[in-house]
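Compute the structure for the input listed below.
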Amino acid sequence: MSAVDPAFNGERWLPTSDGFLPLPKPATDKSSSAVVLAQGMPHTQVSEADAPEAETPEAATPPEESPVSSQLPIAAQTEPAPAFPATPLVADTPTQPEQSVAQTVEPAERSEVFAQAAYLQQGSEGSARLRVGGIYVLSPSVFAGATVDLSTGQAFSNTDQTGLSLSELYLTASPANLPELRFTVGLMDLTSYLDRNSFAKDSLTHFFNPVFQTNPALSTVNVASRPGALVNWTPVDAVSLTATTFSSSRDLGSFALDSFAGEVGVRMGNAIVRGTYVTSTDAGQNDGFGEIGLFDRGNGEFGARPGDRETGFGLNAEAFIPGLKLGFFGRYGWYTNQTLGASGQTYSLGVNGLDVFMPGDRLGLGYGRQLSNSDLRQANGGPTPDVWELFYDAQVIDNLRAGVSVQQRNAFSETYLGFRMRYDLMWNPLRRAAE
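Take a look at the predicted model:
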């Protein structure tokens, strides 16, 4: 396996008897691969963000065997997101008159089912998750998806639920004559669409510590699994626009479209910059920056309360140097509890190296600071909530990856060792039945 994992290319590839088959595209799609990648399906089904997204392959070869792209298009997954590729699968010999496999397979036969089992240990805290889901392609421009999680522990930052939970149940459609516009409605994992990053996103691919995953200034404002509607528009290859309205509560009995998020992504060569804004209400978590429990709201009450209006703003940048196989990232976030008039800040930065010791491995180093209000922290004499982390992740056998981590937290006063394993399976039974 090369340095490029299947999710590295930013699109979903389905295994066939003679190679890998890309998902269908609208018949009138004339946009480039970067445009299509920018509006792909959420990539969290198999993991949260696997690697930087490269250009769509030009032939039907497995992504694992593709070289690292010299460009990094706007997309997202992560573990980075699958998409409808702009380049169809072609015959081995271009002059042959036979139809390609992609032309002879019905949309439903390009659907897939996946499963993932994972375990993550940080210090004395262990977390496990079994994830099962699928994508069913209804037509070249319409597909439905669902994901179910069975989890324990708090390590997986892309969900705020433990036990058995439905994380995704959505329908996505794109107008046949306007493929650069995509609509999604249902229960969505918003971390798959917002604040995506190829080098710091998924706890099962990248860093273990949550500060390097979804921006804490955004995840605190309900950027998680929520019901709502979302639209993504890619007017040109280098620009991606996303807007969503959603409910602050996962409970359908409390459903209300009381939240909004918007994101602008701009690609410049091998670099991507994203800016994200979100506003919502506290749905009962009573969370915020680390010291919010010290804030006096009067009448003998302290901290956040359900119904407080919250806003979050995040900047997210990444860049890839193909020749060195190095990826750099940086984030900054600002969170405000509008009801209290209190704010907190967070930031992180770091680097990933690919193919460091063996093909397909990943070595990462990062520094970050948890969401914090420095005035309240200093007045209370609390430690600086920063973290250094060094991690290494590699493939052990087919479908099985393992990683280790060492962290220094709270001004280097605490050391945490970590270990994780991830096993992925993917089927596309309708395609196999057709064969």
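
Pull the residues that contact the host helix or strand of residue 114.
Per DSSP states H and E, residue 114 falls inside strand 112-122. Contacts of strand 112-122 with the rest of the structure, by C-beta atoms under 8 Å, 6 or more residues apart in numbering, involve 12, 14, 45-47, 126-135, 153, 155-156, 203-204, 208-209, 405, 407, 416, 418-429. C-beta here means a position set from N, CA and C on the backbone, and glycine is covered the same way.

quick one: strands adjacent to that strand?
Strand pairing for strand 112-122, determined by DSSP bridges: strand 125-139 (antiparallel), strand 414-427 (antiparallel).

I'd like these laid out as CSV, including mean neighbour count, mean pLDDT and distance to residue 279.
CSV is the format used below for these (neighbours: other C-beta atoms under 10 Å; pLDDT from 0 to 100; distance: least, C-beta to C-beta, whole Å):
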stretch, mean neighbour count, mean pLDDT, distance to residue 279
strand 125-139, 18, 94, 29
strand 414-427, 17, 96, 33
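
Using JSON lines, please lay out those together with distance to residue 264.
JSON lines is the format used below for those (distance: least, C-beta to C-beta, whole Å):
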{"stretch": "strand 125-139", "distance to residue 264": "27"}
{"stretch": "strand 414-427", "distance to residue 264": "32"}
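
Please identify which of these is closest to residue 327.
Ranking the strands paired with strand 112-122 by proximity to residue 327 (C-beta to C-beta) places strand 414-427 first, at 19.6 Å.

Can you name the residues bridging to residue 121?
residue 126, residue 419.

So which residues of the stretch 301-435 of the chain form strands?
301-302, 309-321, 326-337, 342-354, 362-372, 386-397, 400-409, 414-427 (DSSP state E, counting those that start in this stretch).

And residue 293, how far from residue 373?
Separation of residue 293 from residue 373 (C-beta to C-beta, to the nearest Å): 11 Å.

Which of the two has more residues huddled nearby?
residue 373 (22 against 13; other C-beta atoms under 10 Å).

got any ranges where the chain has weak pLDDT?
1-109, 157-161, 286, 429-435 (pLDDT under 70).

try 80
Low-confidence segments of the chain, defined by pLDDT under 80: 1-110, 155-162, 283-287, 290, 293-301, 303-304, 429-435.

Going along the chain, name the helices of it.
For the chain, applying DSSP state H gives helices covering 33-38, 101-104, 216-219, 374-380, 429-434.

what's the burial count for the nearest residue to residue 173 once chain neighbours are set aside?
Nearest residue to residue 173 in three dimensions, chain neighbours excluded: residue 142, at 4.6 Å (C-beta to C-beta, 6 or more residues apart in numbering). Residues near residue 142, counting by other C-beta under 10 Å, number 17.

for residue 378, same thing?
Residue 378 - counted by other C-beta under 10 Å - has 11 other residues nearby.

who's in contact with residue 336?
Going by C-beta under 8 Å, 6+ apart, the list of residues near residue 336 reads 310-312, 342-343.

now do 6 Å
Neighbouring residues of residue 336 by C-beta atoms under 6 Å, 6 or more residues apart in numbering: 311, 343.

any idea how far residue 221 is from it?
Counting by C-beta to C-beta - residue 336 and residue 221 are separated by 9 Å.

And for residue 287?
10 Å.

what's the answer for residue 203, then?
20 Å.

Which parts of the stretch 151-300 of the chain are strands?
163-173, 181-189, 225-236, 239-246, 259-268, 271-281, 296-298.

Can you give the distance of the first one from its chain's centre?
If I follow you right, that is strand 163-173. 15 Å (C-alpha atoms, centre = their mean, to the nearest Å).

Could you list every helix and strand that that strand packs against?
Helices and strands touching strand 163-173, by 3 or more C-beta pairs under 6 Å, 6 or more residues apart in numbering; DSSP states H and E, are strand 142-152, strand 181-189.

again, 8 Å this time
For strand 163-173, the packing partners by 3 or more C-beta pairs under 8 Å, 6 or more residues apart in numbering; DSSP states H and E come out as strand 125-139, strand 142-152, strand 181-189, strand 225-236.

Quick check: buried residues in the third one?
Yep, that's strand 181-189 we're talking about. 181-182, 184, 186-189 (16 or more other C-beta atoms under 10 Å).

tell me the angle that strand makes with strand 142-152.
20 degrees (axes from the mean of the first three to the mean of the last three C-alpha atoms, to 10 degrees).

now the angle between strand 225-236 and strand 181-189, please.
Going by the same axes, to 10 degrees, strand 181-189 makes 160 degrees with strand 225-236.

can you check the second one too?
For the pair strand 142-152 and strand 225-236, the angle between their directions (the same axes, to 10 degrees) equals 140 degrees.

Next, the buried residues of strand 142-152.
For strand 142-152, by 16+ other C-beta under 10 Å, it's 142-147, 149, 151.

ok, back up a step: quick one: distance of the strand holding residue 114 to the chain centre.
Relative to the mean C-alpha coordinate of its chain, strand 112-122 is positioned 15 Å out (C-alpha atoms, centre = their mean).

Only C-alpha atoms, please: export it in CSV.
The C-alpha trace of strand 112-122 is given here as CSV (Å, rounded to 0.1, in the frame of the first residue of the first chain):
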residue,chain,number,x,y,z
GLU,A,112,-21.9,0.2,-0.5
VAL,A,113,-22.1,-1.0,3.1
PHE,A,114,-19.2,-0.5,5.6
ALA,A,115,-18.3,-1.4,9.1
GLN,A,116,-15.6,-0.2,11.4
ALA,A,117,-14.4,-1.4,14.8
ALA,A,118,-12.1,0.8,16.8
TYR,A,119,-10.5,1.1,20.3
LEU,A,120,-8.6,4.1,21.6
GLN,A,121,-6.8,4.4,25.0
GLN,A,122,-5.5,7.7,26.4
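
which ones are touching residue 310?
220-222, 279-282, 288, 335-338.

could you dump those to a markdown table with distance to residue 264?
Converted to a markdown table, these look like this (distance: C-beta to C-beta, whole Å):
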| residue | distance to residue 264 |
| --- | --- |
| 220 | 21 |
| 221 | 17 |
| 222 | 20 |
| 279 | 16 |
| 280 | 19 |
| 281 | 24 |
| 282 | 26 |
| 288 | 25 |
| 335 | 19 |
| 336 | 20 |
| 337 | 25 |
| 338 | 22 |
